[in-house]
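>>> Provided below are the primary sequence and the corresponding predicted coordinates.
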Amino acid sequence: MSQPVPVDDSYQILLVLASSRMLKSCAIETLRQLDARGYSTVIISVTLPTVVLRKMYQNENIDPSRIYIIDAVTRYSGGEGSSTDGHCVFISNPGNMTDIGIAMTETLRTIPDGKKCVIIDDMATMLLYASSATFMKFIHFITNRLRILEVQGILFAVEKGLAPTVEAQLSTFSDRVFRAEDT
Amino acid sequence: MISVLLVDEEPLLLDITREYLGQSGDMQITCSESVQDALQLLEDREFDAIVSDYDMPGMTGIEFLRVLRAKGDRTPFIVFTGKGREQVAMEALNSGADFYLQKGGSPKAQFAELRNMIGRAVEKRWMEQSLRESERRFRETLETIRLIAIQLDISGAITFCNQSLLALTGWTREEVLGKNWIARFIPPKERETAQQVFDAVLARAQSDIHNENRIVTRTGEYREILWNHTVLRDMGGSPVGISSLGEDVTEKKRAERAILESEKKFRALFEDANDAIFIADAATGMLIDANRKAQEMVGWGLEEIRHMHQSALHPREDQEHYARLFRDHVDARSGTGEEEVVHRNGRRIPVLISAKVLDLDGRQIIQGIFHDITERKEAEAVQAMLAAIVQSSDDAIIGEDLEGRITSWNAGAERIYGYSAEEVIGREVSELLPAGDTSANREIIRRIRQGERLEQVETVRIRKGGDPVLISLSISSIRDARGRIIGIANIARDITRERETEKAFIMYITEAALRLKNPITLIGSRLEDIEAQIRQEQVPGEEIRLQIHTQVMNIGQIIRNLNELNQVILNPMQDVPDAYRKYLTE
């Protein structure tokens, strides 16, 4: 286990760095806290398909009603990728950041007023599908957008999965950096 | 005609004698009846012979004879008397009479005898006169000739010497005549040899004998004399002395020795010369002589060379050129040029030939001094090769003098700095330095002058147009043959691309790690998670497949990323072989 990711109003953009083994549990724990604090959460998933995520939330007793998924995995992996509940948008490719950005804006608009948070489940995986420059432009866009919309953002990344320059730039876009460590 | 004076007190006998002696017509007879008359006649004229009676009034025939001889008159004298005494005959002959004839007996036989005696006495007298005249003339000749002339008796005493000897030796005639030749003139250590020569000359039968020895002058100077000796003999053929003619050959010998010495020196110089020297007949081109170095150069012995034509020294295929060259040298009487000779084994040797035509005893010869320039040629070839290497080097190689002025500028420098050689030769090398950095160059010059060498310093220079260029610079001194520092060599390599490549590789390695190692670690972690889900049987098969496929897609993306990265890195690199490029990017 690790120290829980801080979920509070002390930041708007939080960069969370965790080992690959801890990344998933860290994300689940963060979601649990957000759920507990009444947040509506938009998850940009580049690691797990929606069906797996939902089953996972179910297993972890997390209310899925305030969770919105922007799924960049299912279709790319040959899955069906269709949703009727309006809580999920499927993106064709994890590298299609324009669509991801649009989907995020659109999704946030559909969410009722209240505390909102956007999670990117793994920026290192995103970097597989985009160059550092494109990725940084995307993050720059996302973080600015979130600040304008006054939406909190928690950006997960596998520790040591980012180039030092990328990590440094991400730090400048973030209000705070949290390093999840085994306790 | 023989003139005869008859002296007798008896007129009858005078007539008879005149009658008999005058019959043949070859004698003119004058008669005198007394010695006084005869002496009176002899005051006025000479006679070839005198025939005198012994017993005459006032003065005997012997006394008459003695008077004549005392006066030096050597006229043949025959005593013709009736006195048949042996004592008279002896007295007459001892007093210088040539013959004695006793009156009496057959007149015909007696006068025939007298006539015979007169003929023999006159003939003898004439011979003596002739001999004396000859000797006088000979001595006169000896006096006037420039040769030394001496006559010695058999004891070695000097009986004659000419003026040349006196002039040469500084002695007077009185100090010389009668003195022993060897004691007076021969140096002490050579006297024994001189005596042996003298004895041998006297003992030899032939008349002309030559030898050479030294004489010493009054002042102690030595003179070398070449002698020609003639043995003097009396009427009986016995040696009575030596007549010698000598030529003072001192100067000639000195000159000969000087020439010999000079020739020796020349020969030594010729033989020991460091260069090959060939001598050829200018007219025919045939080789006459060659020194030791020349023989070594071509590998032929002197005797072989002496049967060779000069053209045989040179490459066969260039015979026309060398024939023309030889003619040109002969016509111009000298010439120089770089040519080739061929060793006996076929090896070609580059030489610098200096040819000069000389006149020797009416014959034109040509002397060729062949200086082997193999080492120089090799050095030139090495230098040319080094110059070509420098010129074709990609590195900028700049020579500068100790004042920092550019003296040489290769093509690499032109490429790296953008200036042509014409633009920068003579300008200061510090002009290539960034502004404000010129003091560093002065410091470099100071250190190089102290013999230091600067290796592989990374620095910046300014190209034509003002752009900076990153270079790796080595600076060292340029020394002359005696090791003195005469300049500075700057060798610069443009390392811009090298640095860019390094950067690209660092980026590549970093990116490769990010895009390969870390994602794969991530994928591994997710696969473990999927494995756990399968084990717990919590997830349907389709979801498992979806998750696995996601990771497969991730892996595919990793590979595409890697290829893309390779493409970015490899594209600007022209020197990557196609096979590798294809392998890395497909």
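Structure received. Note that the structure is predicted; figures quoted are calculated from it, not measured.
>>> residues from chain A in reach of chain B?
When proximity is defined by Cβ under 8 Å from any Cβ of the partner chain, chain A lies next to chain B at A:20-21, A:23-24, A:47-49, A:51-52, A:55, A:59, A:73-74, A:76-79, A:95, A:122, A:124-125, A:127-129, A:158, A:160-163. Yep, even glycine has a C-beta here, placed from its N, CA and C like the rest.
>>> so of the residues you listed, which ones are in helices?
Of those, the ones assigned to helices by DSSP state H are A:20-21, A:23-24, A:51-52, A:55, A:59, A:124-125, A:127-129.
>>> picking that back up, buried only: go through the residues of chain A next to chain B for me.
Neighbour-count burial (16 or more other Cβ atoms under 10 Å in any protein chain shown) applied to the residues of chain A next to chain B gives A:20-21, A:23-24, A:47-49, A:51-52, A:55, A:73-74, A:76-77, A:79, A:95, A:122, A:124-125, A:127-129, A:158, A:160-163.
>>> what about whatever residue of the stretch 151-300 of chain B ends up closest to chain A, how many neighbours?
Closest contact between the stretch 151-300 of chain B and chain A, by Cβ to the nearest Cβ, is at residue B:274 (74.3 Å). Neighbour count for residue B:274, taken as other Cβ atoms under 10 Å in any protein chain shown: 9.
>>> Excluding covalently adjacent residues, which one is nearest to it?
Using Cβ to Cβ, 6 or more residues apart in numbering or on different chains and skipping residues adjacent in sequence, the residue nearest residue B:274 is residue B:293, 6.7 Å away.
>>> Would you map the helices across the stretch 1-150 of chain B?
B:11-22, B:35-44, B:61-70, B:86-94, B:107-144 (DSSP state H, counting those that start in this stretch).
>>> before we move on, what about chain A?
Along chain A, counting by DSSP H, helices occupy A:20-36, A:50-59, A:97-110, A:123-129, A:132-149, A:164-173.
>>> low-scoring stretches of chain A, by residue?
Along chain A, segments meeting pLDDT under 70 span A:1-2, A:84, A:182-183.
>>> cool, chain B as well?
Short version for chain B, where the test is pLDDT under 70: B:83-84, B:205-208, B:438, B:441, B:514-515, B:538, B:573, B:585-586.
>>> Flag every residue of it that's near chain A.
Residues of chain B lying near chain A by Cβ under 8 Å from any Cβ: B:510-511, B:514-515, B:518-519, B:521-522, B:524-526, B:529, B:538-539, B:543, B:546-547, B:549-550, B:552-554, B:557-558, B:561.
>>> which among those end up buried?
Buried members of those, counted by 16+ other Cβ under 10 Å: B:511, B:514-515, B:518-519, B:521-522, B:525-526, B:529, B:539, B:543, B:546-547, B:549-550, B:553-554, B:557-558, B:561.
>>> Mark which of those residues are part of helices, please.
B:511, B:518-519, B:521-522, B:525-526, B:529, B:543, B:546-547, B:549-550, B:553-554, B:557-558, B:561.
>>> Considering only the stretch 201-350 of chain B, name the residue that lies closest to chain A.
For the stretch 201-350 of chain B, Cβ to the nearest Cβ, closest residue to chain A: residue B:350, 66.0 Å.
>>> which non-adjacent residue is nearest residue A:24?
Nearest one to residue A:24, counting by Cβ to Cβ, 6+ apart, is residue B:529 at 6.5 Å.
>>> ok, that neighbour touching residue A:23?
No: assessed by Cβ atoms under 8 Å, residue B:529 is found out of contact with residue A:23, at 10.0 Å.
>>> distance of residue B:235 from residue B:127?
10 Å (Cβ to Cβ, to the nearest Å).
>>> So which of these two has more stuff around it?
Comparing residue B:235 with residue B:127 by neighbour count (other Cβ under 10 Å), the higher total belongs to residue B:127, at 11 against 8.
>>> hmm, back to that, what number of residues lie near the residue nearest to residue B:274?
19.
>>> Now do the contacts for it.
B:273-277 (Cβ atoms under 8 Å, 6 or more residues apart in numbering or on different chains).
>>> Distance to residue B:212 and secondary structure added to those residues, as a markdown table?
Output for the contacts of residue B:293, formatted as a markdown table (distance: Cβ to Cβ, whole Å; DSSP: H, G, I helix; E, B strand; the rest coil):
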| residue | distance to residue B:212 | secondary structure |
| --- | --- | --- |
| B:273 | 36 | coil |
| B:274 | 41 | coil |
| B:275 | 41 | coil |
| B:276 | 41 | strand |
| B:277 | 36 | strand |
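>>> Can you tell me the centre-most residue of chain A?
Closest to where the C-alpha atoms of chain A average out (Cα atoms, centre = their mean) is residue A:120, at 1.8 Å.
>>> That one contacts residue A:44, correct?
Yes: using Cβ under 8 Å, residue A:120 is in contact with residue A:44, at 4.7 Å.
>>> List the residues that contact the residue lying closest to residue B:276 once chain neighbours are set aside.
Nearest non-adjacent residue to residue B:276, counting by Cβ to Cβ, 6+ apart: residue B:294, 3.6 Å away. Residue B:294 sits next to B:276-278, B:305, B:370 when contact means Cβ under 8 Å, 6+ apart.
>>> can you check residue B:411 too?
Contact partners of residue B:411, counting by Cβ under 8 Å, 6+ apart, are B:391-393.
>>> Arrange those in TSV, one row each, with secondary structure as further columns.
Shown next, in TSV, are the contacts of residue B:411 (DSSP: H, G, I helix; E, B strand; the rest coil):
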residue	secondary structure
B:391	helix
B:392	helix
B:393	coil
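>>> ok, and the closest non-adjacent residue to residue B:288?
Going by Cβ to Cβ, 6+ apart, residue B:288 has residue B:279 as its nearest residue, at 4.8 Å.
>>> Quick check: which element contains the one you found?
Secondary structure from DSSP states H and E places residue B:279 in strand B:276-281.
>>> Going by contacts, tell me the helices and strands next to the next helix or strand after that strand.
Using DSSP H and E, the helix or strand that follows strand B:276-281 in sequence is strand B:287-290. Contact partners of strand B:287-290 among helices and strands, from 3 or more Cβ pairs under 8 Å, 6 or more residues apart in numbering or on different chains; DSSP states H and E: strand B:276-281, helix B:302-305.
>>> among the ones you listed, which is the most enclosed?
strand B:276-281 (a mean of 22; mean count of other Cβ atoms under 10 Å in any protein chain shown).
>>> partners of that strand in the sheet?
Partners of strand B:276-281 in the sheet, by DSSP bridges, are strand B:287-290 (antiparallel), strand B:363-372 (antiparallel).
>>> Which residues does that strand contact?
Under Cβ under 8 Å, 6+ apart, the answer for strand B:276-281 is B:270, B:286-291, B:293-294, B:296-298, B:305, B:310, B:313, B:351, B:363-372.
>>> what do you get if the cut-off is 7 Å, keeping everything else the same?
B:270, B:286-291, B:293-294, B:297, B:310, B:313, B:365-370 (Cβ atoms under 7 Å, 6 or more residues apart in numbering or on different chains).
>>> Now the buried members of those.
For the contacts of strand B:276-281, buried by 16+ other Cβ under 10 Å: B:270, B:287-288, B:290-291, B:293-294, B:297, B:310, B:313, B:365-370.
>>> Identify the farthest-apart pair in these.
Farthest apart among those by Cβ to Cβ are B:297 and B:365. That separation is 19.3 Å.
>>> and residue B:34, what are its phi and psi?
With angles defined as degrees, to the nearest 10, residue B:34 sits at phi -150, psi 160.
>>> for it, what are its contacts?
Neighbours of residue B:34 in contact, by Cβ under 7 Å, 6+ apart: B:9, B:56, B:58.
>>> By neighbours, which of those wins?
residue B:56 leads the contacts of residue B:34 on contacts (other Cβ under 10 Å) with 22 neighbours.
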